[in-house]
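**Q** for reference, the sequence and a predicted model appear below.
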Amino acid sequence: MRVGSHRNALVAAVRQELAEARGTARAVLAAAESARGEAQQRNRMVREAYATCLTQLAAAREAARDDIQRRYRSEAVRLAGHLRGLATVSATGAAGAPWRVWAPSEPEPGDRPGMLRIGTIAFEETAALPALVPLLGSAHLHLSGPAPVLDQMITGLLLRALGSTRPGDVQLTVYDPEQLGGTLAPFAPLGPALVGPGAFGSLLDELVEHICRINGMPGPRTEPWRLVVLLADHATAAEMTAVQRAQLDRVIRTGVAGGVHLIVRGLDVEDINSVERVVVHEQTAFCDSLGPLPITLDPPPPADRVAAFCKAAADRLHAGPAPARLSDLEPPKFWAASAAHGLPAPIGDCTDGTMVEVPLGDEFPHVLIGGPSGSGKTNLIHVWLGSLTTRYGPEELALYLLGFSEGVSFARYAPGSRDPSWLPQVRLAGVNVNADREFGLAMLRHLAEEVRARSLHGAGSLAELRAAAPDGHWPRIVAVIDEFQTLITGRDAVAEEAAGLLADLARRGGPQGVHLILASPDTIGVQTLAGHVPLRIALPKARRVLTDDNLAPAVIPRYHAVVNTEAGAPGANRIVRLPDAGDRTVWRTLQRRLWRSRPVGCEEPRLFDGNAVPRLPAAYRPAGRLPGAGAPVGSSPGAVLGERIDVAAQPARLRLGRMPGRNLAVLGARTDEAGDVLAAAALSLAAQGPAHFSVICLAPEAERAAARLVAELPAADWYDAADVTFDLPATDVPHYVIGYALDAAGPAHRESLRALLDTGPERRTHVLGWWRTVPRLRDDLGGGFEAIGAWVALDVAGADLAPLYPQPGGPVWYPRNRRALFFDRSVHRTPEVIIPYEVNSDHT
Ligand SMILES: Nc1ncnc2c1ncn2[C@@H]1O[C@H](COP(=O)(O)OP(=O)(O)OP(=O)(O)O)[C@@H](O)[C@H]1O
């Protein structure tokens with residue numbers, strides 16, 4: 001029993017232990033299970049986080065990559081744009097245009113030659129960029145690869161180099177022992193120097209010598225470039241001597257500075273900076289400038305384009321370079337030059353393209369231009385004026401222009417009905433003055449007066465004058481007289497005075513900054529003047545402008561001129577090609593530009609046109625507000641008779657004071673002009689103050705004019721043949737008797753007429769009458785002419801005026817249309833030519 005119970009106890013204990021162990025194991029298992037669950041959970045979470053992270057990282061990487069790619073692409077496009085811009089600038093016109101649109105292009109003066117296109121480079125996804133290589137002015141080219149491809153590339157390079165320079169700027173030499181020049185046969189019309197197989201050494205020697213000569217010369221190179229193509233064969237390379245190699249090296253090293261450039265294939269050359277190497281594999285190439293970027297070579301230029309270019313260039317070479325254009329003479333900045341010491345300005349270019357200046361100024365104050373009719377004198381003057389007026393503003397230059405040649409060429413500088421602009425430097429322009437030499441004389445008198453006024457400051461040059469009188473306005477004055485001989489030939493008083501004034505201006509004008517530009521077909525008869533003018537310009541076939549032994553004018557082609565500063569001595573010639581100033585649109589554009597820049601207060605020039613009839617200015621008409629009856633009357637009102645032929649468009653006035661003889665006789669048969677003189681006189685008197693008018697009209701043909709006058713006058717009585725009388729009622733204001741064809745009054749009225757003429761002026765009654773001839777006036781006056789203190793002669797010859805003139809024989813006067821001779825014995829020593837105003841123009 002005890003065993004049984006012990007065993008039972010033991011069993012129970014074991015059971016207990018087992019139960020406990022089982023319980024513990026279960027607990028441990030449960031703990032492990034839960035730990036495992038947790039670990040699994042964590043594991044899952046980590047895995048999920050990792051996956052999220054991976055996804056995010058991938059997205060970020062994608063975004064970053066996209067961004068980088070976008071930036072890269074836009075940077076590439078920007079860079080490519082820059083490169084394209086650079087390429088366009090570096091290879092302009094014919095140097096860079098694709099063959100499809102290729103055409104020769106003229107470089108601007110002073111431009112350096114650019115690079116030359118040989119193909120394109122592809123850069124990422126951007127459009128292809130031009131691949132350029134340097135040549136003229138920069139490098140030699142060394143080409144290696146298959147000869148046929150290289151020769152095509154050379155053809156293209158030559159076409160671009162020649163097509164982007166002026167004909168004659170590049171001299172081509174070809175060494176082609178294999179084909180004897182055949183490789184570049186399309187360029188034959190340009191006459192390249194072909195060098196045969198045996199002449200390689202002498203070519204190199206000649207080039208070395210040429211380079212030494214050019215590099216030894218001071219100043220910039222003026223000779224053409226030498227472009228030498230060496231198409232060497234095996235024999236050339238194999239047989240080259242050490243001396244030849246040394247000479248080739250020398251050309252390579254010093255050639256670029258001396259304007260000699262080699263394009264070499266088939267021969268090694270020294271590897272120095274000035275050699276651009278191009279290596280060609282089939283249609284792809286690499287060159288030094290572009291490093292590893294592969295170049296897709298352009299196809300060769302179309303054969304017909306090469307042929308057409310070479311023919312045209314050869315023709316132009318034969319004809320010589322085109323002359324400068326008017327715009328080539330413009331300075332980089334308008335009105336930037338000072339005229340303190342002179343007015344140098346180019347008028348054209350030499351055959352080598354350099355500009356030729358005329359040194360007008362302190363040293364050479366005047367110039368004589370000579371050339372027969374049609375040789376281009378007027379054109380030269382326009383060109384010169386264009387060059388001067390773009391350099392020197394209105395403060396620096398004042399122009400007085402007078403053209404005696406046919407036509408109105410200087411009118412373009414003054415405002416017109418179609419173009420309101422004017423050249424701001426022009427003060428005066430006289431056109432159609434052939435018959436009005438008095439206008440030329442007036443201009444010379446004006447200039448002489450200016451010289452006199454300037455010389456009062458005691459200065460010996462314009463710069464000194466400006467320093468001595470800094471507040472004054474002292475532009476250089478340039479007087480241009482085209483066909484100036486018209487003014488001084490002939491043996492009358494105008495010619496005599498004009499010649500004297502010109503000689504005086506030539507002597508004394510320069511130091512005061514007053515200059516003459518005188519053009520004529522021949523300087524015969526102006527030898528005294530010529531002695532003061534060493535600066536000459538001769539146009540083709542000009543005679544006597546230069547010395548007799550100077551043959552240049554006889555041989556220069558048309559549109560050329562000889563500029564000579566030594567009075568025409570043969571050694572001092574400069575030949576200049578003149579631009580054409582005939583294109584009115586070009587001129588107008590330039591003039592408008594200058595006009596818009598005119599300073600405030602710049603007045604328009606006075607234009608005197610000998611063919612135009614001036615209208616009576618409104619200021620001399622009584623229209624508008626009339627002076628009241630109580631207004632004071634001047635002691636001697638002035639009757640305006642016509643326009644004076646003078647620098648300023650002033651009226652000629654007749655003072656009608658209370659003195660004997662203050663009457664006017666208008667003489668001649670021209671009804672209209674006589675009527676205009678009388679009407680201008682009457683209207684201008686009416687405009688000055690209260691006055692009474694008696695209009696007597698005794699010629700039916702003048703009735704219309706008389707009626708119009710009466711209509712315009714504020715207070716006028718009208719008499720005609722039916723009631724003519726000279727016993728006129730007294731008035732308490734000045735009384736003017738305006739008589740049309742007074743000679744028709746007849747003997748019955750002579751006495752009263754004489755009494756009126758004799759005693760009227762003292763009572764302020766003045767007769768302004770028209771008599772058709774001098775004898776009829778004499779008959780009316782009864783012999784003496786004392787009562788006629790002033791007269792205006794129309795178509796009356798000078799000799800017929802003798803009785804009315806103090807000097808025997810009468811004045812020198814050859815009647816001309818719309819011109820009258822005015823003489824007032826109380827003011828004139830010699831009579832004055834005037835232009836009767838047009839008073840009643842029916843178009844107003
Ligand atoms: N450099 C030039 N280039 C082109 N045409 C020109 C040139 N010079 C003059 N001409 C032209 O030649 C013609 C004559 O020129 P211009 O009138 O200047 O000669 P001119 O000597 O003044 O003659 P004239 O004494 O008969 O007036 C004009 O038709 C003008 O346009």
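**A** Arrived safely. Numbering: from 1, shown residues only.

**Q** distance of the nearest residue to Ala741 once chain neighbours are set aside from Thr671?
**A** Using C-beta to C-beta, 6 or more residues apart in numbering and skipping the chain neighbours, the partner closest in space to Ala741 is Ala699 (3.5 Å). Where C-beta positions appear, they are placed from N, C-alpha and C, glycine not excepted. Remark: distance between Ala699 and Thr671 (C-beta to C-beta, to the nearest Å) = 7 Å.

**Q** who touches both of the two?
**A** Common neighbours of Ala699 and Thr671 are not found (criterion: C-beta atoms under 8 Å, 6 or more residues apart in numbering).

**Q** so what's the residue nearest to Ala741 up against?
**A** Ala699 sits in contact with 671, 740-741, 744, where contact means C-beta under 8 Å, 6+ apart.

**Q** and Val478, which of the three is it?
**A** For Val478, the assignment made with DSSP: H, G, I helix; E, B strand; the rest coil gives strand.

**Q** which phi and psi does the residue nearest to Ala741 have?
**A** Here is the backbone geometry of Ala699 (degrees, to the nearest 10): phi -120, psi 120.

**Q** inside strands: which ones of the contacts of Ala699?
**A** Under the assignment DSSP state E, the contacts of Ala699 contribute Tyr740 to strands.

**Q** so how many other residues sit close to the residue of the stretch 401-550 of the chain found nearest the ligand?
**A** Among the residues of the stretch 401-550 of the chain, Ser405 lies nearest to the ligand; the distance is 4.1 Å by C-beta to the nearest ligand atom. Residues lying near Ser405 (other C-beta atoms under 10 Å) number 21.

**Q** which residues touch the closest residue to it other than its chain neighbours?
**A** Distances taken as C-beta to C-beta, 6+ apart put Glu483 closest to Ser405, at 4.6 Å, once the chain neighbours are dropped. The neighbours of Glu483, taking C-beta under 8 Å, 6+ apart as the test, are 403-405, 519-521.

**Q** one more time with 7 Å
**A** By C-beta atoms under 7 Å, 6 or more residues apart in numbering, Glu483 lies in contact with 404-405, 519-520.

**Q** and the pLDDT at it?
**A** Model confidence at Glu483, given as pLDDT, is 90.

**Q** the worst-scoring helix or strand of the chain on mean pLDDT: what's the following helix or strand?
**A** Here the helix or strand of the chain ranked lowest by mean pLDDT, DSSP states H and E is helix 527-530, holding a mean of 73. Counting by DSSP states H and E, the next helix or strand C-terminal to helix 527-530 is strand 536-538.

**Q** which neighbours does that next one have in its sheet, and in what orientation?
**A** strand 367-370 (parallel), strand 560-564 (antiparallel) (DSSP bridges).

**Q** tell me what the next helix or strand after the shortest one is packed against?
**A** Translated: strand 367-370. Counting by DSSP H and E, the next helix or strand C-terminal to strand 367-370 is helix 377-391. The contact analysis (3 or more C-beta pairs under 7 Å, 6 or more residues apart in numbering; DSSP states H and E) places helix 377-391 against strand 345-349, strand 476-482.

**Q** residues in the stretch 351-500 of the chain within reach of the ligand, list them.
**A** Residues of the stretch 351-500 of the chain lying near the ligand by C-beta under 6 Å from any ligand atom: 371, 373-379, 405.
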